[in-house]
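A.B. asks: sequence below, structure please.
(one chain, ligands or ions: 1)
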Amino acid sequence: MRILAHGASLPAARTRVRSALTGLAQRGHEVGWLLGGDTPVRRDLALLSGVRALPGLHADVVVGGGGRLVGTALCGWLAQARAMVLDLGAGEVERWGAPERWAWDSLHASALVDESEAARFAAAWRGRDHDRVGLWPAASPAADAEAASPETEVLERACERALARHRGRALRPAVFLDRDGTLIREQGYLSDPEAVELLPGVPRALRNLMEAGYPLVVVSNQSGVGRGMFTAARVHAVMAQLRRRLREHGVELTSIRFCPHRPEDGCACRKPRPGMLELAAEDLQLALRDSVTIGDKRIDTAAGRAAGGRGVLVRTGYGRDEEARAGDRDGDGPDHVSDDLAAAVEWLLERG
Ligand SMILES: [Mg+2]
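C.D. replies: Just a heads-up that it's a prediction; the model follows:
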């Protein structure tokens, strides 16, 4: 996503949203800081150093504080943003007049409020769209990297949901993509962003999917976190590198999800369970039955099928070995097998 932070509405006291914006830059989003003399969260993050990061001032989402709502909306308009996400206080809503109400309605807006203010907020908010308001997480101990903080997660999801709503209420089919062995070379518990290596044909295949209108959602099992081999922040760093490498080829991933648990943890999100896909579908308004999951393991295609859609196995990564044993049990094998992602995408686009 290209995110424009409306600096004038984000004074230093708004630490939570400022830290979450730093986290979004660390997750590989393009974050620009507009107006406001006050310094961005971290000077060392080049992407947060100013609007230079957003050529032509184009952004998908504008993020601001609720205190200068009209200014935030105007910035969003200037940047041709499609959605606005606000850090909003109950006191700010209580002071809203006609200009603020206009500003709220002028963009696909949503807000994040503090849990402790929820009751007061609900009273001030009466009659407005409750499904456009979310809660910040309860205060958490500071993470060593903002990318892995609950605040960043909440802000990223709020931006994704606001953008999905902008596209309308109709559910859309998506393509769910495994990461290792499907998009990038399989290296076994990869935790070094510098080692990310796109597989041949991947950028063009993803661009074709984008042009056909498919949201691109990466769903990845990262049990190395649960096994104590690396931190969630390292996973975010690798994912950020993937985002940036693909962006160089004109590809923007719609969302990245990963499961940090071990197989024995029995979570709902680890593939072959469909939890990650179901959650993404709820956030992004996706039609699971019409969606396709592409991966180099049976657990990938099984997750897609468990969510109600189709699964395509690719012969890259572990794919050849997995193909050899595909169909050996209970008929839950892939719907199709392709040489690589490019061939899988070709198959999908031909069938529509
Ligand atoms: Mg894989």
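
A.B. asks: all contacts plus neighbour counts: C-alpha atoms, from now on.
C.D. replies: Fine.

A.B. asks: give the contact list for whichever residue of the stretch 201-350 of the chain sits closest to the ion.
C.D. replies: Closest to the ion within the stretch 201-350 of the chain is D296: 4.9 Å, counting by C-alpha to the ion. By C-alpha atoms under 8 Å, 6 or more residues apart in numbering, D296 lies in contact with D178, G181, T182, L313, V314, R315, T316, G317, Y318, G319, E322.

A.B. asks: so what's the residue nearest to it when sequence neighbours are not counted up against?
C.D. replies: Nearest residue to D296 in three dimensions, chain neighbours excluded: G319, at 4.4 Å (C-alpha to C-alpha, 6 or more residues apart in numbering). By C-alpha under 8 Å, 6+ apart, the contact set of G319 is G181, G295, D296, K297, L313.

A.B. asks: the residue in the chain that the ion sits nearest to bridge partners, please.
C.D. replies: Nearest residue of the chain to the ion: D180, at 4.1 Å (C-alpha to the ion). In this entry, D180 is beta-bridged to I184, by DSSP bridges.

A.B. asks: what sits against it?
C.D. replies: D180 makes contact with E186, Q187, S220, G317, according to C-alpha under 8 Å, 6+ apart.

A.B. asks: among those, which are within reach of the ion?
C.D. replies: Residues of these in contact with the ion (C-alpha under 5 Å from the ion): none.

A.B. asks: which ones among those lie within strands?
C.D. replies: Residues of those located in strands (DSSP state E): S220.

A.B. asks: so which of the contacts of D180 wins on neighbours?
C.D. replies: Neighbour tally across the contacts of D180 (other C-alpha atoms under 10 Å): the maximum, 23 neighbours, falls on S220.

A.B. asks: state the pLDDT value of that one.
C.D. replies: Note for S220: predicted pLDDT of 98.

A.B. asks: helices along the protein, start to end?
C.D. replies: For the chain, the helices defined by DSSP state H occupy 15-26, 69-78, 90-94, 98-106, 118-124, 150-166, 202-211, 223-226, 232-247, 275-284, 298-306, 319-325, 341-351.

A.B. asks: those helices: lowest mean pLDDT?
C.D. replies: Across the helices of the chain, helix 118-124 has the smallest mean pLDDT, namely a mean of 85.

A.B. asks: how far off centre is it?
C.D. replies: The chain centre lies 28 Å from the centre of helix 118-124; the measure is C-alpha atoms, centre = their mean, to the nearest Å.

A.B. asks: residues contacting the residue nearest to the spatial centre of the chain?
C.D. replies: By C-alpha atoms, centre = their mean, the mean C-alpha position of the chain lies nearest to S255, the distance being 3.2 Å. Contacts for S255 (C-alpha under 8 Å, 6+ apart) come out as E160, L216, V217, V218, A280.

A.B. asks: and those residues near the ion, which?
C.D. replies: Among the contacts of S255, no residue is within reach of the ion (C-alpha under 5 Å from the ion).

A.B. asks: okay, these in a markdown table with neighbour count next?
C.D. replies: Listed next are the contacts of S255 as a markdown table, based on neighbours: other C-alpha atoms under 10 Å:
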| residue | neighbour count |
| --- | --- |
| E160 | 21 |
| L216 | 21 |
| V217 | 22 |
| V218 | 23 |
| A280 | 23 |
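
A.B. asks: just put the residues you listed in CSV and tack on distance to G134.
C.D. replies: Shown next, in CSV, are those (distance: C-alpha to C-alpha, whole Å):
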residue, distance to G134
E160, 13
L216, 24
V217, 22
V218, 24
A280, 16
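
A.B. asks: how about the residues you listed, which pair is most distant?
C.D. replies: The span of these, defined through C-alpha to C-alpha, is set by E160 and V218 at 13.7 Å.

A.B. asks: contact residues of the stretch 101-250 of the chain facing the ion?
C.D. replies: Counting by C-alpha under 5 Å from the ion, the stretch 101-250 of the chain sits next to the ion at D180, G181.

A.B. asks: ok, back up a step: which of the helices of the chain sits most buried?
C.D. replies: helix 298-306 (a mean of 26; mean count of other C-alpha atoms under 10 Å).

A.B. asks: off-centre distance for that one?
C.D. replies: In terms of C-alpha atoms, centre = their mean, the centre of helix 298-306 is set 21 Å apart from its chain centre.
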